[in-house]
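[1] Using only what follows, build the 3D model:
(chains A and B)
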Amino acid sequence: MFRQIFNLRVITQSPISRSFSTSTITQSKKSILKLRARERKEINELRQRYILEKKYNVDPVLGLSNNPFLNRLDAEVKEPNVLGSSYDISEIEKLIYGAKEAKPIDNFSKEAFEASSQRQKDIVLRILNMKNRSEEEILKYKVNLARQEFQRFEGDTGSSEVQAAIATVKIHHLYKHVQQNKKDFQNTRILRMLIQKRQRILKYLKKDQPERYFYTINKLGLTDDIVHMEFNFDRRYMQNFKMFGDRVLIKESKSVKEEERKQKRKENKILKRKSLKELRSMKKSLEL
Amino acid sequence: MARQNFIGLVVSQGKMNKTVKVQVERKTFNRIINKEIMKRKNFLVHDEGNVAREGDLVRIEACRPLSAKKHFAIAEIRKNKGSQFAKYDQIAKEQVFLEENAKTKEFLDRRTKIEQDIQNNSSLISDLAVIRKGVDAKEGDLTQEELQKISALKEKYGIKSWPPQSEILQLEIQSVSERINDLRNTIDFVEPALEILVKEQYESKVNSVLQGFSKQEPDQLKKNIRKNILRKYLLTNPEQARDQFKEELSILN
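    As a prediction, the model looks like this:
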């Protein structure tokens, strides 16, 4: 009983006994300056973050999207005159002509034969078309084309830029496969090794022949930062660059999530200011 | 007193206006481990004109304090490796852009041409049929256009009379066996011919023939090199060689 009363007394008494503390005018000025300095710092930090993010916003595996060189390679394979087993259309003509020669027909104008030869040609072309060939053969064709564009001299297969170009073609090929078969861990590992090998080759090329290096990375749609960054083809990458769509691959802990949310709130608060048009446009360009 | 002077590497540029970060390395002696170790220190350095790039080697010089953390300015750029790289990058970008445009255009042209070819359905057999038709038809039956087409086709395949005397198309197997025969003949011919031509009595004639084939004058060449060049000549131009050295090689036949 006594205790309760005592408690009550304490509660009721405390606000009365506390005196208001007021800081002097000079101190409040200082705190305002501090606040402004903190704001300035936050804005600067955000700007630096955007600059860094822009640097590493490029996909380290596939490079910049819509690369004209790789698009052209894809289109080359789909041409109707490109045949598997390194056959040529003129060779098909020879083949059919040879078949005709073997037959004892001595009349070129026989319409029936002409029609049938046309049909034969169509059939052979359809069979040999790249659509019906294995992935392996398509890759081989592409690799050869890439090699020819980067070679230093006729028949060059070993120079660094050729190696890098071939690795890039293979990476794009394997990437598609891994995307479709996400449990193929063996090939995922091979892809990982290929990516790092390409980095190694390009780093060497930069030391060896900087001019050729810049030509190569620009043609393959890579950037200098991608080549020199520490990169592992891991789940974090797959999630960030949406390799398997919006699938969540890494479960963040509560504290990390909370931290992220906090940062986002802070960011939004800063971006609302009218004077920070530049930062807003930076963020927009990042999201594209 | 002389101003403080350091040589360092630009490690960060483009983040602050007119300011770069320069890393200076120096050796200090550590008494505990009895060894020299590298120590690094970063300076914020004034760069009026924003000329330095990441990767440049620069000499920095002390100056009056320019801001809270800036007491140095760039005095000279020793090695402009970073600027050079930036330039290479710029050049490469333009080059790749032009090259890709040209290559894409070439590819699209090729595609339209192939499409036309497939539409026209031109093949060896149909072409031969057209020529045959021209031979069979009476005079005056054919239009000017058709005649022109036939003559163009005849020229293309090298046909002079009908039915064609020579083979129109070298069928793969036959031509390969012929080529192998040719090669075998040449190889059989080269070694014994070489043995004869190396002899001193034919030296002047061989030299005159080899005049254009070596960088030096043939008579100044070493013996083995001259022999190699002669072998190469015999391998590449067997027919010509047979003609030129008819008398010398008459023993062979």
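
[2] alpha carbons only for contacts and neighbour counts from here, please
    OK.

[3] now the lengthiest helix in chain B, how far from the centre of its chain.
    Using DSSP state H, we find that the single longest helix of chain B is helix B:81-120. The chain centre lies 17 Å from the centre of helix B:81-120; the measure is Cα atoms, centre = their mean, to the nearest Å.

[4] Please apply the same query to stretch B:193-203.
    Per Cα atoms, centre = their mean, the centroid offset for stretch B:193-203 relative to its chain is 38 Å.

[5] where's A:Leu139 relative to A:Ala167, distance?
    Distance, A:Leu139 to A:Ala167, by Cα to Cα, to the nearest Å: 11 Å.

[6] What score does residue 167 have for pLDDT?
    If you meant another chain, say so; for now it's chain A. pLDDT for A:Ala167: 97.

[7] try chain B instead
    So B:Glu167 comes in at 65 (pLDDT).

[8] Then A:Phe69?
    94.

[9] just to revisit the earlier point, show me which of A:Leu139 and A:Ala167 is the more surrounded one.
    More crowded of A:Leu139 and A:Ala167, by other Cα atoms under 10 Å in any protein chain shown: A:Ala167, with 22 against 18.

[10] can I assume that one is in contact with A:Arg198?
    Yes - if you go by Cα atoms under 8 Å, A:Ala167 and A:Arg198 touch, sitting 6.2 Å apart.

[11] Is any residue of stretch B:106-114 near chain A?
    Yes - interface with chain A: stretch B:106-114 contributes B:Arg111, B:Ile114 (Cα under 8 Å from any Cα of the partner chain).

[12] got the contact list for that stretch?
    Here stretch B:106-114 makes contact (Cα atoms under 8 Å, 6 or more residues apart in numbering or on different chains) with A:Glu79, A:Asn81.

[13] And the helix or strand of chain B with the lowest mean pLDDT, what's buried?
    Ranked by mean pLDDT, DSSP states H and E, the helix or strand of chain B with the weakest confidence is helix B:124-136, at a mean of 74. For helix B:124-136, the neighbour count (16 or more other Cα atoms under 10 Å in any protein chain shown) marks B:Leu124, B:Ile125, B:Ser126, B:Asp127, B:Leu128, B:Ala129, B:Val130, B:Ile131, B:Arg132, B:Gly134 as buried.

[14] centre of the chain versus that helix, how much separation?
    For helix B:124-136, the distance to the chain centre is 43 Å (Cα atoms, centre = their mean).

[15] Who are the packing partners of that helix?
    Counting contacts by 3 or more Cα pairs under 8 Å, 6 or more residues apart in numbering or on different chains; DSSP states H and E, helix B:124-136 packs against helix A:89-102, helix A:111-128, helix B:144-157.

[16] Next, the angle from it to helix B:144-157.
    With axes from the mean of the first three to the mean of the last three Cα atoms, to 10 degrees as the basis, helix B:124-136 and helix B:144-157 are set at 120 degrees to each other.

[17] Low-confidence stretches in the stretch 51-200 of chain B?
    The model of the stretch 51-200 of chain B has pLDDT under 70 over residues B:120-123, B:125, B:139-140, B:164-173.

[18] Residue numbers of it in contact with chain A?
    When proximity is defined by Cα under 8 Å from any Cα, the stretch 51-200 of chain B lies next to chain A at B:85, B:88-89, B:92-93, B:95-96, B:100, B:104, B:111, B:114, B:123-126, B:128-130, B:132-133, B:169, B:171.

[19] what sits against B:Val206?
    B:Leu197.

[20] Mind checking if whichever strand or helix holds A:Arg198 is in reach of chain B?
    Secondary-structure assignment from DSSP states H and E places A:Arg198 in helix A:185-208. No - using Cα under 8 Å from any Cα, helix A:185-208 stays clear of chain B, with a minimum separation of 9.4 Å.

[21] Using CSV, write out every CA atom in that helix.
    C-alpha atoms of helix A:185-208 as CSV (Å, rounded to 0.1, in the frame of the first residue of the first chain):
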residue,chain,number,x,y,z
PHE,A,185,24.9,-27.1,-62.1
GLN,A,186,27.7,-28.6,-64.2
ASN,A,187,27.1,-26.2,-67.1
THR,A,188,26.6,-23.3,-64.6
ARG,A,189,30.0,-24.0,-63.3
ILE,A,190,31.5,-24.1,-66.8
LEU,A,191,29.8,-20.8,-67.6
ARG,A,192,31.2,-19.3,-64.4
MET,A,193,34.7,-20.4,-65.4
LEU,A,194,34.3,-19.1,-68.9
ILE,A,195,33.3,-15.7,-67.7
GLN,A,196,36.3,-15.4,-65.4
LYS,A,197,38.6,-16.7,-68.1
ARG,A,198,37.3,-14.0,-70.5
GLN,A,199,38.1,-11.4,-67.8
ARG,A,200,41.6,-12.8,-67.4
ILE,A,201,42.2,-12.8,-71.2
LEU,A,202,41.0,-9.2,-71.6
LYS,A,203,43.0,-8.0,-68.6
TYR,A,204,46.1,-9.4,-70.3
LEU,A,205,45.2,-7.8,-73.6
LYS,A,206,44.9,-4.4,-71.9
LYS,A,207,48.5,-4.7,-70.7
ASP,A,208,49.6,-6.1,-74.1
